[in-house]
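*Asks:* Return atomic coordinates for the entry below.
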Amino acid sequence: MKKVEIFTDGACSGNPGPGGWGAVLRYQTVEREISGGELDTTNNRMELTAVIKALKLLKEPCEVILCSDSKYVCDAITKGWAKNWQKNNWRKADKKPALNSDLWETLLALLEKHEVSVKWVKGHAGHPENERCDTLAVSTIEKLK
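*Replies:* Numbers count the residues shown, from 1 in each chain. Here you go, the predicted model:
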């Protein structure tokens with residue numbers, strides 16, 4: 001199984017507001033950068049979209065190290081929150097609706113295809129790939145304004 005590193009970040013100017021996402025995929029010595037955005041979105045939706053778009057590029061099952069500065073994304077995956085929300089018809093433990101269920105549905109299906117380990121990184125702390133993803137996300141926002 002190929003080993004791929006994926007670094008992601010999402011950003012929003014206002015929350016909600018114009019948003020952008022960025023991702024860097026690395027396989028051995030090859031890197032690929034992708035980015036995109038939406039005019040009216042939230043930071044969490046952009047964080048999720050970055051992960052989804054990156055995983056969708058993988059053409060076969062891979063061993064993935066996913067690095068994100070989003071506690072929302074990392075914790076929902078590693079602590080099983082997202083799977084529980086799905087199992088409970090997109091309701092959280094407090095019975096309130098889970099947000100972004102459309103994106104979580106897509107992401108959970110993608111996570112089933114790969115062996116994904118999740119690594120949280122502190123944002124805006126000099127992590128080179130996280131900083132690059134932030135730059136990609138923010139530059140997309142600037143283009144949308």
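*Asks:* Going along the chain, name the strands of the chain.
*Replies:* Assigned by DSSP state E, the chain shows strands spanning 2-12, 17-27, 30-41, 62-68, 115-120.
*Asks:* Kindly reformat those as CSV containing distance to residue 134 and mean pLDDT.
*Replies:* Bear in mind the C-beta positions are built from the backbone N, C-alpha and C, glycine included. Formatted as CSV, the entries for the strands of the chain read as follows, by distance: least, CB to CB, whole Å; pLDDT from 0 to 100:
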stretch, distance to residue 134, mean pLDDT
strand 2-12, 5, 98
strand 17-27, 7, 98
strand 30-41, 11, 98
strand 62-68, 11, 98
strand 115-120, 15, 98
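*Asks:* so can I have a markdown table of these showing distance to residue 91?
*Replies:* Below are the strands of the chain laid out as a markdown table (distance: least, CB to CB, whole Å):
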| stretch | distance to residue 91 |
| --- | --- |
| strand 2-12 | 24 |
| strand 17-27 | 26 |
| strand 30-41 | 23 |
| strand 62-68 | 24 |
| strand 115-120 | 23 |
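*Asks:* mind checking which of the ones you listed is nearest residue 100?
*Replies:* Among the strands of the chain, strand 30-41 comes nearest to residue 100, with 10.1 Å by CB to CB.
*Asks:* partners of that closest one, with directions?
*Replies:* Here strand 30-41 is paired, per DSSP bridges, with strand 17-27 (antiparallel).
*Asks:* follow-up on the earlier one: what about the strands of the chain, which gets the closest to residue 132?
*Replies:* Each of these was scored for nearness to residue 132 using CB to CB, and the closest is strand 17-27 (5.7 Å).
*Asks:* quick one: buried residues of the closest one?
*Replies:* Buried residues in strand 17-27, counted by 16 or more other CB atoms under 10 Å: 17, 18, 19, 20, 21, 22, 23, 24, 25.
*Asks:* Good, wrapping up.
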